[in-house]
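Visitor: would you be able to build a 3D model of this:
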Amino acid sequence: MANASDEFRLASSGIDHEGRLPRKYTSEGQGAKSGISPPLEWYNVPNEAKTLALVVEDIDETEPNSSLVPWTLWVVISIPPNLKGLPEGFSGKEDKTGSDYAKIKEGNNDCKVPGWRCPTMPSAGHRFEFKLYALDDEIDLGNKVTKEKLLEAIDGHVLGEAVLVAIY
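Guide: As a prediction, this is how the structure comes out:
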C-alpha cells in the first residue's frame, strides 16, 4: 500500500486553509489583481511520465436549464514532468522562451480563449476541480487545444491523476 506522502498529488499555496480560492484568481478581483492564475505545486510525479497536462473546471456551473455542466477554466499541455509547479500568474505570460516553461502550451477554455479564465460567479460555493494528468507519451494537439481534444488524445496514456478541489 502506498504511503500518502508518496502519492501523486496537487496542491496550491494560493488556496486558503479552508480550501477557498481567493477573489484575485477570479474575474471579481481588484484591477490588476484580477483573473490571475493560481500557483500550483505537484509532488511524486510517476517516474515514467513523459509530460503532464492540466484541466481546471468549475464542476458546479449551471446552464439556464439547470443541468450541471462542467465549465472549463484552463487547459495546459506539454508541461515538463521535471517541473515542480506553475507560479502564480503563469497564464498568459508571453515571455517563456529559453525557460523551463518554453514548451508549455495553454489551450482554449469555454470562453473560447487560451489561458486561465474564471467567469463571474452567479452564486458562491462553486467547486473548482484542478486535475493534473501524468502521461506516458508526448501529445500534439495542433494549434487549437481544447479539453475535449486533450481527453481524447490521452485515453490509454494516463499514468496517474492528481486532483485538487477549491471552493469559490
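Visitor: every contact and neighbour count from this point should use C-alpha atoms.
Guide: Will do.
Visitor: which element, helix or strand, includes the nearest residue to Ala53 once chain neighbours are set aside?
Guide: Distances taken as Cα to Cα, 6 or more residues apart in numbering put Ile77 closest to Ala53, at 4.4 Å, once the chain neighbours are dropped. Assigned by DSSP states H and E, Ile77 belongs to strand 71-79.
Visitor: pull the residues that contact that strand.
Guide: 51-59, 61, 101, 103-110, 114-118, 138-139, 145-147 (Cα atoms under 8 Å, 6 or more residues apart in numbering).
Visitor: so which residues of the protein form helices?
Guide: 147-154 (DSSP state H).
Visitor: at which residues are the strands of it located?
Guide: For the chain, applying DSSP state E gives strands covering 9-11, 40-43, 51-58, 71-79, 85-86, 105-107, 127-135, 158-167.
Visitor: quick one, which of those strands is nearest to His17?
Guide: Closest to His17 of the strands of the chain is strand 158-167 (Cα to Cα; 10.3 Å).
Visitor: check which helices and strands the closest one sits against.
Guide: strand 9-11, strand 127-135 (3 or more Cα pairs under 8 Å, 6 or more residues apart in numbering; DSSP states H and E).
Visitor: which residue packs closest to Pro80, ignoring adjacent ones?
Guide: Spatially, and ignoring its direct neighbours in sequence, Pro80 is nearest to Thr51 (5.3 Å; Cα to Cα, 6+ apart).
Visitor: specify the beta-bridge partners of the one you found.
Guide: On the basis of DSSP bridges, Thr51 takes part in beta bridges with Leu135.
Visitor: quick one: end-to-end length of stretch 26-35, please.
Guide: 5 Å (Cα to Cα, to the nearest Å).
Visitor: and that stretch, how far out from the chain middle?
Guide: 18 Å (Cα atoms, centre = their mean, to the nearest Å).
Visitor: list the buried residues in it.
Guide: Using 16 or more other Cα atoms under 10 Å as the test for burial, stretch 26-35 gives 26-28, 34-35.
Visitor: ok, now stretch 8-26?
Guide: Buried-residue list, stretch 8-26, by 16+ other Cα under 10 Å: 8-12, 14-15, 20-22, 24-26.
Visitor: next, the distance between the ends of that stretch.
Guide: By Cα to Cα, one end of stretch 8-26 lies 27 Å from the other end.
Visitor: tell me how far it lies from the chain's centre.
Guide: For stretch 8-26, the distance to the chain centre is 12 Å (Cα atoms, centre = their mean).
Visitor: re the thing from before, mean neighbour count, the helices and strands packed on strand 158-167: which tops it?
Guide: Of all the helices and strands packed on strand 158-167, strand 127-135 has the most neighbours on average by mean count of other Cα atoms under 10 Å, namely a mean of 23.
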